[in-house]
Structures are given as C-alpha cells and as structure tokens.
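quick check, what structure comes out for this input:
(2 chains)
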There are 2 protein chains.
Amino acid sequence: MTSRTTFVSRGTRTTIAGEGSLLELAQQAGLMLPSLCGGRGKCAKCRVHPRGPTSDPTSLEAELLSPEELSRGIRLGCQAHPAGEVEVEVEEEVLDKGDYVEIAVTPDPCVRTLPLVLPVPAMHDDLADIERIRVGLGRPVTVGLETLRRLPGVLREAEFRVTAALFDHGGSEELLALTPGDRSGAAYGLAFDIGTTTVVGHLLDLATGRELARSARQNGQQPWGADVLSRASHAMEQRDGLAALQAAVAGTLNQIIEDCCRGVDRGQVYAVTVVGNAVMHHLALGISPASIAVSPYVSATRDGLCLPAGALGLALPNARVIFLPLIGAYVGSDTLGVILATGLDESADTQLAVDIGTNGEMALGSRDRLLACSAPAGPAFEGGEIRHGMRAARGAIDRVRIRDDVRIWTIGEAAPRGICGSGLIDALAEMVRVGIVEPGGRLLPRPTLEGRLPPPLLQRVVGEGHAWEFVLCREPSITITQHDVRQLQLAKGTILCGIRLLLDELGVEVGRIRRVLLAGAFGNFIDTKSAQGIGLLPPEISRDRIQGVGNAAGQGSRMALLSRQVQARAESVARRVEYFELSKHPRFEETFVESLRLDAERV
Amino acid sequence: MTSRTTFVSRGTRTTIAGEGSLLELAQQAGLMLPSLCGGRGKCAKCRVHPRGPTSDPTSLEAELLSPEELSRGIRLGCQAHPAGEVEVEVEEEVLDKGDYVEIAVTPDPCVRTLPLVLPVPAMHDDLADIERIRVGLGRPVTVGLETLRRLPGVLREAEFRVTAALFDHGGSEELLALTPGDRSGAAYGLAFDIGTTTVVGHLLDLATGRELARSARQNGQQPWGADVLSRASHAMEQRDGLAALQAAVAGTLNQIIEDCCRGVDRGQVYAVTVVGNAVMHHLALGISPASIAVSPYVSATRDGLCLPAGALGLALPNARVIFLPLIGAYVGSDTLGVILATGLDESADTQLAVDIGTNGEMALGSRDRLLACSAPAGPAFEGGEIRHGMRAARGAIDRVRIRDDVRIWTIGEAAPRGICGSGLIDALAEMVRVGIVEPGGRLLPRPTLEGRLPPPLLQRVVGEGHAWEFVLCREPSITITQHDVRQLQLAKGTILCGIRLLLDELGVEVGRIRRVLLAGAFGNFIDTKSAQGIGLLPPEISRDRIQGVGNAAGQGSRMALLSRQVQARAESVARRVEYFELSKHPRFEETFVESLRLDAERV
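Reported below is the predicted structural model:
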C-alpha cells in the first residue's frame, strides 16, 4: 500500500501520496518545516506530531527528543516516514506562499517533442547528422555546441530512432536535446518563484499543463540577511560575495529540482521559468545588484533572458531557463507574474493589484494603460520591528476584535505566541475605532481614557509617561506599543501613498477601480474591513471588490511556462508598464503625510 | 636598439623585430624549429647557427651542446636571444605552410568598436545599464550573460565612458564586450588554419587588415598519431580520448594566441576564424569524429558555427570563434578557404584547385557550378611509406635531373638526408622518361636495361630478382625502390582519378580549364613539368596555366576574418559545392586503373 500523508496548515489540507520523510513530503506539499541542518537530523527544529502509522523512532530521535516528547508521539520530520494513512498538523514556523488560484491556460509551450525514425546513413545517403535530423523534421533548426556534441552518440546508440526536443525562440527553432527512442510523450517544465524568504517550484507536464509536483524551500541566501538590501550589500562588499549568493540560490533551486523530479527524468525537463524581484533576479543570474540598492536605483538589465540551465549551475542537462522581464528596479518579474495571473493587462476595467511585503509592489490600470510602483513599507506587516510581531505561523494572533473586552484568535487555535500582520491590522483598526489610538497615531494614556472605555479595556492600557501600550493577551504578555503603532502607521501610509499616486498618475477616481487584488499569503488572510478601517486600502472601494488572489506571482510563472502567448504578453507588458520609484515622485512627501492618518473617513 | 632577426628558410627571408628567444621569434615568423620539450632547454632539438650578436650561451647550452658545437657558434634556439641584427638559417626539420599570396580584402569585419560617453544615472534618468548602452548606441543590441555580468562594474569604474564591441550576427548585433575608456581604435582578430600536422595563426588588425603577428606550431595532437584516422580512432576507442584531443588542440591554439598577442590586450581580440579538415574541425569543437572515419563517412555537422572562445577553452575573454562550414566529410573548411582565396566561386572561367596532402582535396568549377572531391592519396607525397622519404626540410632532395648521370639538388644546399615530395615526382618523371621505369610502373632489372642506358646510369640500378632499385645518391645511400614507385603511382593515380571524375561530372573537357591552382607548400615547390610527366596533373593543360598559390586555406581564413561579405560567401559556397566521396563514385575503379599509367601521352 502506498502511504498517504495529509498536512494540515491553517485549515488547509494537502495530501501527498508516496514515500519519503515527513520533512520531504511537507516540501512537496509546498510547506516548509523549520530546518537548520537541511534534514540531517542535527538541529531538531523539524518537530512534528503525526497521527497514524509511521516508522519507528530512530536513534537520532532518541537522542534529540525528550522522553516526554517521545511518549507523546512527537517526531523529527526528517526522520519519521509515513507507513500508511498519516495526518500531520504542522507546528512552529511554517512558511506558505498561499493558495494558488488555478487559471486555465491552453498549453502552447515553447518546447515540443517529436519522435523521429531516420534512415541510417548509407553509401549514397551521407548527410551530416544534423542535416539528417533537419530532413527528418522537415524544417531548419539551429543547435548548440553541447547538444551537437551528443548527437553522434545518441543517434547511433538509438539506431537513429530518437526524440527531438525543439525550443521555439520566436521565429527560429533550436534542437535542445535528442533522446533515444520515442519519448515524445514526456516533456516537463519547472516554474519558479524566487522569493527573498522562500523559493517555490512547480513541476508541470508541458503538454497537459498538469502539476506533477511542487516544492517550497527556504532561500539558501538566508544566512546573508533577511531582506534584499542586506543581500545586495553582501554581494557588493565581500570578495566573492556575489558568487556565494548565486551559488546559494542555485543550490536551493537544485534542491527543489530534486524534490520535484523524483521519478521524472531530468533530461526531459526542457523549460524553466523564473519570476522574482530585481535583486533575486540579478543574484540568480550572478549579476551584481549593487546599483539596485543605492540611489538612483538602477538595474543592470530588465530584459527577459533565455539561458541554458547549466550557465546558472542548475542540474538540468537539457533545459533553457526563461527569466521573465523586470518592470523596474523595485517592481520585479514577480509583479509581472501578478499582472499576468490577474489579467490586469487585458482588463477593460481599471483594476489594482497589490502585493504587500517588505516592499509593497502595486500595479494599476487596464488594457489601455498600466502603471506600477514600489512602496518601501518596511517589515512591519511581516511582524518585523514590532515588539511581539511574528510571521504568520502556529500560535500567531491573526484576528482581533474589541467589544467590552478584547477577543483574539490564533493560527492553529494554539496558545498565543505573538501577533502577525493580519492580527496587527485588526488590532490597530479596533484600537482606532474604540478611541484608544487617535487618528493621528497617538496611543492615549490611561488617564485620558478614563470614563471613555469600559473598565476591562481600560485595565489593558498600561504604562506611564509617553510609554503606553495596549495588552492583547496577559499570559504570555502580548501588547501593542506606541512604537508598534507608529511602525504600522508608516507602513500603511507608504502603501496608501503609492495607491494614491498611481490613481493620480492614471487620472482616475478611486471609485472607478473595479477590483482590488491582494497577492501573496498576506492578501489571503487580511481582514479587508480592518485594512480599510486604518486606511491601508482606500475606504471608498466597496469591500466586495477586494479579493485575495494567492500566489499570483508563481501563478504567472506557471502560465508563462505553459504558453508562448503568455511569454509574449510578458514581454509586451514589461515594456508598456509605466514604472516609477515612489520616493522619487514629486508629490511623494505631501501625499505620504496625508496618507498617515488612521481614520477611514479622513484618509 | 631593437633587435631584428632574419630567418632564412628554403631561400625565403622573414624578418622579425623584437625580443624573445630565437625559437619564439621563429614561431612568429611562421617557422617551426623542432622541439620536443616546448622550449624548456631539455631536448636540444632546436639547434640553430645564428650569425650576428646574440646573448651569451647559457649553462643549459654548455651542458647540452658539445665543445665543438659551441666553438662553431651552434646554439639552442630556446636559449639564444638576438642582441642586434641577426640572421639565422634554419636547420633540421622546418615545417612551413608555404608563402601567403596577399589578396586585397576591403576590411568589413563582423566586429566594430564604438566609443560611448553615457550620461551617469540620476534621479530621473534611471535606465537599466543595458538600456543606457542601447540608447547611447542608438540601436537595439543583445547581450550574453558573461558580458552582462561585467557591465555594472565596467560602467561604474569607467565613469560611463566606455568602448562597446559589437558583433554582427547578420541582422542582429550583440554587445560582445564593454571596455573602459575609448579603445575604439583597437580591435583584433585571429585567423587559424588547423592542419593535422601544423596549426598556423595570424593576428590581424580588424580595421586595417594589417597582419601584426603570425605563429605556426606543431598540432599538439601529434602524440596521438600523424594522420586524421589515427586521431579519430583514438577519440573513438579511448575513454576521454575525445576530451584529450580537444584539449591538445586548444592548447596549441592557446600557445599561438600567446605568441601572437605579445603587446596586444587579449580582451581586444574579438573575432577568430578557423578552417581545417572535418576531423580537425570536429576535434577542436569536442565533437566525436568517429563517424567520419568509417564508411559511409558522415560528419556530425557541416554548418558554419559561431561560439564564445571560452566554450572551446581558448584564453580570449571577449572573442567569438567562427568555424567556417565544411564542404563534406573529407573536404573541409580548409578547402573552402582555398576556394575563397582563389576566387573559384566567382570566376567566369572554369578553374581547378588542388591541395595535395595525405588526402588530395580538389575543387573544380566556376561561378556557375562548383564540384569538389577528396582523393585518399596516402602519405607518399609527404615522404611517408617511401624508403628514403622525408618531409621538405634541410637536406631533402627536392629536385632531380637525369642526363648522362643523375644530378640532385637539396633544400638549403645541404648534404642530402633523404627525398621529399617534389624530389620524388622529379625522380619518377625522369626515371620514366629515360626508360628505367616502364609506363606501367615496373622498375626494370639491370639486365633488361643493358645497352639502353649510359653506363653511369646503368650502375645506379642495383638489386636482384624482383627487388631492383635506383640509386640517386651513394653517400649516404638514397634510392628509389620498386615499392616506392608503386606507392607514388597509387598516390598520383588517385589524384588524377579525382581530377578526371570532377571533369566528367562537370561535363567539361580538360582543355577548358583556365587555371590549375596548387595550394599548400607542396604546390609551391612541385615541378609542374614532372607532375605532368608522370600524369599527376593532366598533361593537356598548358604549363603556364598551372600555378602555386601557397597557403590558400589560411588565406581564406584571414579573408573571412576581415570581411562579413567573405563570411557570407563562405556559407553560400559551402551549400552549393557539389561534393562526392571519390571511392563511392560509380566510375571510381575503372577511372582509377586508367589513371595509374606513368606516361604522359597515355593518361
């Protein structure tokens, strides 16, 4: 019997059939258990609590887990294997790029495979090998040196019965690979979304568009800093820093290739697409991102690129890697993927797409005109620089309501450990609504609030002098401080400022926006009422027009992998999007200040 | 004062100004002194006798040369340096690809260099680096990953004052390299002729067409056999044999690059052209030549190729290497070079070009139609499988006349050591003319010749039974044996058979041939009367129509390097030449037998 493992994460169930450690299976499910040692049974970070039959605990587990943990059934994900029907609720930090909205793309990939039965060379049929193939194909094809080197051997070993994989360069075709026998039924591709934190890859059948495997892994560049600027500065300042960062992300991509290609011949993976922000794009290519990191913020290139996988150190012998073009130095091909996936560029109506992260990338427009900008929101919405902030993971407060007292909800309904972005927006919106925080951002001292709040709430306002905070949870203590409020206010002000300047530039009233599309995991979990409540999103937009679209960037990467038409769209969109750097906009400062207010009516 | 060294080889004087060992300077002059140790003062093979001021003998020379040699002024070429005006007559084996006919080509190279003074990126001028270059150039250019990786650094170090080298791919242009400052005046190229025995390279100034340096070196594949078949079989049969042969020829090319690029920045060598036979072409590219070596003699490709120098292991960071196309499995791009250099493809009249070596490659035709074939003559004309045969070098008998007695001439007027190709043809023609050898190829026994030859000649016919031979020189003994005659007869028969079948195929009478062009060193030294005398060349052709054209293959390589128009001609010629394998021709056997006779009147 094949084992089946179901992972439950934030209420989403993903079932994976097959063998492997729970750590590996979780990766295939697009989930990432925390691991510092890469699954070698050293760090003991990948603790899980599987329900159902599993392999016996290993000696490593006996060493690294306490007797109490062992008796409760706690296991290390890298050691335990399913032995039947198993369910695992993932604990601790689980990074998930969100759900995928399936969009129907008619497969029209840039690679096609054709079986050839060629005549064997003879006395009066002495065409050169490549000419024989061209005659067999009935068309002229170019061929690179590596493939040419393999031709004579493959043809003769296979007695001239081979499969040709042809790559369409738009007008001309290249013979990418020749494999023995008829393998024309099998052509695979990998779509990557290289995030600063997490890299996700999808293995697709190019003919049917079916997803065969998926894997997410932490970006191997993490040791060089959490954000793009620290990565860029390492590449700049350290000797061989650029090479190290390139090798690190190539290593992550190769791990994902290994995860996804179990049971699939890597030689039959012919195409790869990549989206990512400009710094990730440059680092993956081994190009210095130094000039992106400093004013005036210039990239080396924004071009779409097509390269042999070997040139990037990827363990795919026959694949071409397509980097979708960048829109600008701070609006990358990930945002282009969002535009492709949401169809912003083909829409008759004006739509707004927002991807909120450390940078908020946003695009506004329709098939007539597209604008994009980047808003440097900072890490507050990811829990960064917030006293009790944390990423969206088990135990994070993700929903807050204030009536007579405070009510909180946590991810996995676990004991609270901190507060994540959606919880922070809820908390702030509620604190403004009940008057604990003024529209200008001041967290009022308890004496000022006397008589204006019910006693249970009043007791939650603690502190003295200028250092007041609001207690969401007493055990453990989780509070919102004045500093937290200011950080969130700056972050939301930057996003709103970006939206407003986009509207200004396009010359469109906010009411004309047909849909607001929130990309990324955050967009799926945010409470839109709260987001409008604090003026993160313009309150004039009817709430039913706001929707989460999951990992639209990765979705765009998958669409481009499957369709030449989408690739062509990508090139055309990248060239026609009007991009601006928010901080360089002449009305940035005044608009930013106006965007800081926390009361919906006034923003 | 700069030293000037004049090398005298077979009456040709080549003067090289500059420093270096005499071995290195000889290489720059296109001459190759024998050397087994690569100039490390170990093999003592590179003995020379310089006249004029030179450096003092080194301790290595004191060790390796006898006191008598030292007192006569004999030196090791690798140790002695000129110290003024020096003349060196080259001794021992000197391989020379023959003289070069200078043909005027208007430089129109595939690379051009343009100086750019670009605006520095600023707040409102934040184009990506490659876009800034495109705007500066006023045209779209593509760029490869390696160059893209270098862009940001070069632009900023050079404060955006740079030189762009653009490579014309026929329609689209690629940014090959970006160098700091204005270096638009300097763009170089290297033209190679990769022979099985010798590799010759020429460094040219792409703008003026001027030759700046030349170097010839023994092909580093020599240890794996003297001819293409032994090289091919090594590549086939030995594990890593192909890689070893590729590395060996790349090593030779790199030595020539080093020879030629003294004082020239290798980063400014942007283009390389290569001609050679099909096996050399495949081995240099790292493609197995196995199928060329066995019937039905098929190459992997005949295409013209354009590759980054790094892909072939060449130490030229910015160069593209253009392999001219092959005509067929046994008529390579060297023959294509001959056609380009001699203008066969543009001629209104019918011309015949013949390159006699181990294989005799020949092309016949005009601008209307071109035919080519390969005649496997074997090594007899290079002195191979001939008892006293040797290559054309000092001491080789290169001219023979028979009147009342035998008169011989040697290269360098030195004491005779053996006999080279032109001497063999002379000897055979004279032996047939005076009746020592019958038109059918039988070397008559002395008894049969009694009374038909003057006594001094008669005494030179020695031997017994079926093993008679003719003595050309008594001290040392240098003779022509019956076996030698048969070898020469088979070789000349093969060449003549090729010429006849070409004429048949073209449907042209031999008298219609306007010119017979003999390519290669052999063609320069052959006595055309003797060649016609033995029926190596058809005797109907008036002798003033036969001319040597030197290393026309290398000349074709140089022309292609300098001119896109010639490159385009090369592609078009390669596609329209009608190629056939001589041994596969239906009338090969009968024509070959007819071609064996040694009397001019009857062939």
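
distance between the ends of stretch A:154-167?
Distance across stretch A:154-167, first residue to last, is 19 Å (Cα to Cα, to the nearest Å).

buried ones in it?
A:154, A:155, A:156, A:158, A:160, A:162, A:163, A:164, A:165, A:166, A:167 (16 or more other Cβ atoms under 10 Å in any protein chain shown). All C-beta spots, glycine's among them, are computed from the backbone N, C-alpha and C.

can you tell me if that stretch touches chain B.
Yes - using Cβ under 8 Å from any Cβ of the partner chain, stretch A:154-167 reaches chain B at residue A:156.

how many other residues sit next to the one residue in the stretch 451-600 of chain A that gets nearest to chain B?
Residue of the stretch 451-600 of chain A nearest chain B, by Cβ to the nearest Cβ: residue A:584 (5.7 Å). By the criterion of other Cβ atoms under 10 Å in any protein chain shown, residue A:584 has 14 neighbours.

and what of residue A:489?
21.

residues in contact with it?
Contacts for residue A:489 (Cβ atoms under 8 Å, 6 or more residues apart in numbering or on different chains) come out as A:441, A:596, A:598.

once you drop chain neighbours, what's closest to residue A:297?
Excluding the flanking residues, the one nearest residue A:297 by Cβ to Cβ, 6 or more residues apart in numbering or on different chains is residue A:329, at 4.4 Å.

ok, that neighbour to residue A:291 distance?
According to Cβ to Cβ, to the nearest Å, residue A:329 and residue A:291 sit 8 Å apart.

which residues are common contacts for these two?
Contacts common to residue A:329 and residue A:291, judged by Cβ under 8 Å, 6+ apart, are A:297, A:298, A:299.

before we move on, back to that, farthest pair in the buried residues of stretch A:154-167?
Longest distance between any two of the buried residues of stretch A:154-167 is 23.7 Å, between A:156 and A:167; criterion Cβ to Cβ.

can you give me the strands in the stretch 201-350 of chain A?
In the stretch 201-350 of chain A, the segments counted as strands under DSSP state E, counting those that start in this stretch are A:211-218, A:269-276, A:305-308, A:320-323.

mean pLDDT and mean neighbour count for the ones you listed - can I get that in TSV?
Below are the strands of the stretch 201-350 of chain A laid out as TSV (pLDDT from 0 to 100; neighbours: other Cβ atoms under 10 Å in any protein chain shown):
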stretch	mean pLDDT	mean neighbour count
strand A:211-218	88	21
strand A:269-276	98	28
strand A:305-308	96	18
strand A:320-323	98	24
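
those strands: which one's closest to chain B?
Per Cβ to the nearest Cβ, nearest to chain B of the strands of the stretch 201-350 of chain A: strand A:305-308, 5.8 Å.

contacts for the closest one, please.
Here strand A:305-308 has contacts from A:144, A:146, A:169, A:285, A:319, A:320, A:321, A:322, A:323, B:145, using Cβ under 8 Å, 6+ apart.

now the third one, nearest residue through space, not along the chain?
Spatial nearest neighbour of residue A:169, chain neighbours left out: residue A:306 (7.3 Å); criterion: Cβ to Cβ, 6+ apart.

for that neighbour, name its beta-bridge partners.
For residue A:306, the beta-bridge partners are residue A:322 (DSSP bridges).

gap between it and residue A:572?
Counting by Cβ to Cβ, the gap from residue A:306 to residue A:572 is 16 Å.

equivalent analysis for residue A:341, please.
Separation of residue A:341 from residue A:572 (Cβ to Cβ) stands at 16 Å.

please apply the same query to residue A:58.
For residue A:58, the distance to residue A:572 - Cβ to Cβ - is 54 Å.

of these two, who's got more company?
Set residue A:58 next to residue A:572 and count neighbours by other Cβ under 10 Å: residue A:58 wins out with 16 against 12.

what about residue A:412, neighbour count?
Count around residue A:412 with other Cβ under 10 Å applied: 19.

tell me which helix or strand comes right after the helix ranked longest in chain A.
Identified as the longest helix of chain A according to DSSP state H is helix A:482-506. Per DSSP states H and E, the first helix or strand lying C-terminal to helix A:482-506 is strand A:515-519.

just the mean pLDDT for that following strand, thanks.
Average pLDDT, strand A:515-519: 94.

so how far is residue A:577 from the single nearest residue of the stretch 351-500 of chain A relative to chain B?
Proximity of the stretch 351-500 of chain A to chain B (Cβ to the nearest Cβ) peaks at residue A:374, 12.3 Å away. Going from residue A:374 to residue A:577 by Cβ to Cβ gives 12 Å.

what is in contact with those two at once?
With Cβ under 8 Å, 6+ apart as the test, residue A:374 and residue A:577 both reach residue A:331.

higher neighbour count, the two?
Using other Cβ under 10 Å as the criterion, residue A:374 and residue A:577 rank with residue A:374 on top: 27 against 23.

filtering the contacts of residue A:489 by proximity to chain B, which remain?
Among these, no residue is within reach of chain B (Cβ under 8 Å from any Cβ).

adding pLDDT, secondary structure and neighbour count, write those residues out as TSV.
Putting those into TSV (pLDDT from 0 to 100; DSSP: H, G, I helix; E, B strand; the rest coil; neighbours: other Cβ atoms under 10 Å in any protein chain shown) gives the following:
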residue	pLDDT	secondary structure	neighbour count
A:441	96	coil	18
A:596	96	coil	19
A:598	94	coil	26
